[in-house]
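In: Sequence first, predicted coordinates after that:
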Protein chains: 2
Amino acid sequence: MNKSAGKVEVATQGQAALPAHQVIYQTLRDMILFGDLAPGQPVTIQGLTDQLGAGMTPVREAIRRLTAEGALEFQGNRRVCVPTLNAENISELILARQWLDPHLALRATERATLDDLAHLKSLDHALDQAIVRGDLREYLHENYQFHTKIYAIADAQILADLAEGLWLRFGPSLRVVCGRIGTQSLPDKHKDILDAMHARDAEAAARAIREDVIQGMEQVRQSLEVSSK
Amino acid sequence: MNKSAGKVEVATQGQAALPAHQVIYQTLRDMILFGDLAPGQPVTIQGLTDQLGAGMTPVREAIRRLTAEGALEFQGNRRVCVPTLNAENISELILARQWLDPHLALRATERATLDDLAHLKSLDHALDQAIVRGDLREYLHENYQFHTKIYAIADAQILADLAEGLWLRFGPSLRVVCGRIGTQSLPDKHKDILDAMHARDAEAAARAIREDVIQGMEQVRQSLEVSSK
DNA sequence: ACGCACAGAATATGATCAAATTATTTTGAG
DNA sequence: CTCAAAATAATTTGATCATATTCTGTGCGT
């Protein structure tokens, strides 16, 4: 047991030596979530192999995973691209988030530890700073972190999976919207959410989240209507 | 280039020459949905390669896709298995279906053509026959078809994706339950659903679906409580 | 404008390497 | 001397890559 013979040069540069396909998946996922890939943009497998310096098998698997999650779209002929949302898609996303997010926030309010609340507060602070700096990518990242942290606190694996899956679908479009209107005019209800959670008022937290969701998603819808005109 | 030696027996028996990874995916998906794989059962990649006579790359991709959909579970060490649901999972599934299914049924009622309704009716009939014959797999199959047909009629791509994803999660457990209690004692509300849809009473259809969902899922919950005792 | 050929990209296979589980052997205590 | 626990050996399984094949879209020539 204690031998640990064989490879000794393991922990040289930290981390746990994740398999390549997982790393690729995370990388591609982030690229989609935080807008490195635009809606409609084709995603070639060979493009990624040399862009990420990886073999094609791991890339292949990452792409399949993301297509299964709706983050990428199969185009019949063997091409894959980032989906372009239409009005119908947006409506469905709003509907689904309007149900999922408040529900998760409600659960989160009941379960959040003080550490959790502090963590959320720090995430919201980082988000504000990103807005001030006009750092769009960082803003998107912190905003995502804020919401997924709430999902995590809610401790509802399947519901959280569903909610995070929705983010993958509107991530690219969200980037486009924010890039257009700038980070200055991006109001959110995060302070209300935090206040309600601190006060352990689950219903109020759910309401605040709902407003936040509607506010954000409606901006996406409007921006989409303009651009598709 | 024009050699074309080697394989010549290509288009002998029709079909559209789907890529292997799609075929494998469908096959594995059906195996999960209709209970060829039990909860907790390990899914080895090499096992599938020779069981299905396929290369390992397509199998790999199919497995990744299904893990992304929650139909398979990553076991930390690099193994994959069919997830075993706990009480919490079941509750979340019930909750999600209780919202999704009625909503989709409501939309479906508004959009169903007469052909659609006839199709649903025939699916329900086939289901009844499967019950009479005691053909469990066929029952599960027709039941799934019935519900997914409603999803399709609703014409809400994202919501339907979510709903079908849930089926993948409770499929194996559903099989266990039905295998235990037999096909005789499997009541459903399909007749009520059909009646409501024919009458174009969307609210009634939504209610009927909701009852059907609760009825079915509660059976899974109870059966699970017993077996985990 | 139509068809043919070509380039590029995706699919699929098998080989190779690494990791983990299982089986076997060895060792030590009672 | 027997049994059990640890260490080692062997087998199985997963991960990755290099390569061959097939398909799609496009441009050239008639």
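Out: Right, received. Where do you want to start?
In: who's in contact with A:Val220?
Out: Taking CB atoms under 8 Å, 6 or more residues apart in numbering or on different chains, we find A:Val220 in contact with A:Leu85, A:Ile90, A:Phe170, A:Ser173, A:Leu174, A:Val177. (Each C-beta comes from the backbone N, C-alpha and C, glycine too.)
In: Inside helices: which ones of those residues?
Out: Secondary structure from DSSP state H places A:Ile90, A:Phe170, A:Ser173, A:Leu174, A:Val177 of the contacts of A:Val220 in helices.
In: still on that earlier bit, filter the contacts of A:Val220 to the buried ones?
Out: Burial by neighbour count, judged by 16 or more other CB atoms under 10 Å in any protein chain shown, picks out A:Leu85, A:Ile90, A:Phe170, A:Ser173, A:Leu174, A:Val177 from the contacts of A:Val220.
In: Save these as JSON lines, and put in distance to A:Thr148 and pLDDT too.
Out: Output for the buried ones among the contacts of A:Val220, formatted as JSON lines (distance: CB to CB, whole Å; pLDDT from 0 to 100):
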{"residue": "A:Leu85", "distance to A:Thr148": "21", "pLDDT": "94"}
{"residue": "A:Ile90", "distance to A:Thr148": "21", "pLDDT": "96"}
{"residue": "A:Phe170", "distance to A:Thr148": "14", "pLDDT": "95"}
{"residue": "A:Ser173", "distance to A:Thr148": "18", "pLDDT": "93"}
{"residue": "A:Leu174", "distance to A:Thr148": "14", "pLDDT": "91"}
{"residue": "A:Val177", "distance to A:Thr148": "19", "pLDDT": "88"}
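In: DNA strand C next: which of the residues you listed are close?
Out: Among the buried ones among the contacts of A:Val220, no residue is within reach of DNA strand C (CB under 7 Å from any atom of the strand).
In: Show me what from chain A comes close to DNA strand C.
Out: Residues of chain A lying near DNA strand C (CB under 7 Å from any atom of the strand): A:6-7, A:17, A:44-47, A:56-57, A:60, A:78-80.
In: Highest neighbour count among those residues?
Out: A:Arg60 (21 neighbours; other CB atoms under 10 Å in any protein chain shown).
In: Could you export stretch A:159-178 as CSV, CA atoms only?
Out: Extracted C-alpha coordinates of stretch A:159-178, given in CSV (Å, rounded to 0.1, in the frame of the first residue of the first chain):
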residue,chain,number,x,y,z
LEU,A,159,-32.3,20.3,-11.1
ALA,A,160,-28.9,22.0,-11.0
ASP,A,161,-27.8,20.0,-14.0
LEU,A,162,-30.8,21.2,-15.9
ALA,A,163,-30.2,24.8,-14.9
GLU,A,164,-26.5,24.7,-15.9
GLY,A,165,-27.5,23.1,-19.2
LEU,A,166,-29.6,26.1,-19.9
TRP,A,167,-26.7,28.4,-19.4
LEU,A,168,-24.8,26.6,-22.1
ARG,A,169,-27.6,27.3,-24.5
PHE,A,170,-27.8,31.0,-24.1
GLY,A,171,-24.2,31.7,-23.2
PRO,A,172,-23.0,32.7,-26.6
SER,A,173,-26.1,34.9,-27.2
LEU,A,174,-25.6,36.5,-23.8
ARG,A,175,-22.1,37.5,-24.8
VAL,A,176,-23.3,39.1,-27.9
VAL,A,177,-25.9,41.1,-26.0
CYS,A,178,-23.5,42.3,-23.4
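In: tell me how far that stretch is from the chain's mean position?
Out: Chain-centre distance of stretch A:159-178: 5 Å, with CA atoms, centre = their mean, to the nearest Å.
In: That stretch close to chain B?
Out: Yes - using CB under 8 Å from any CB of the partner chain, a contact is recorded between stretch A:159-178 and chain B, made by A:Leu159, A:Asp161, A:Leu162, A:Gly165, A:Leu166, A:Arg169.
In: how close does the fifth one sit to DNA strand D?
Out: Between A:Leu166 and DNA strand D the distance, using CB to the nearest atom of the strand, to the nearest Å, works out to 27 Å.
In: So what does the residue of chain A found nearest DNA strand D have for phi and psi?
Out: Going by CB to the nearest atom of the strand, DNA strand D is nearest to A:Gly55 of chain A, at 1.8 Å. Phi and psi for A:Gly55, reported as degrees, to the nearest 10, are phi -70, psi 170.
In: Tell me if I'm right that it and A:Leu48 touch.
Out: No - with contact defined as CB atoms under 8 Å, A:Gly55 does not reach A:Leu48; the gap is 10.5 Å.
In: With neighbour numbers in mind, choose between those two.
Out: More neighbours surround A:Leu48 than the other of A:Gly55 and A:Leu48, with 21 against 12 (other CB under 10 Å).
In: Of the ones in helices among the contacts of A:Val220, which is the nearest to B:Lys189?
Out: Distance to B:Lys189, by CB to CB, is smallest for A:Ile90 among these, at 32.2 Å.
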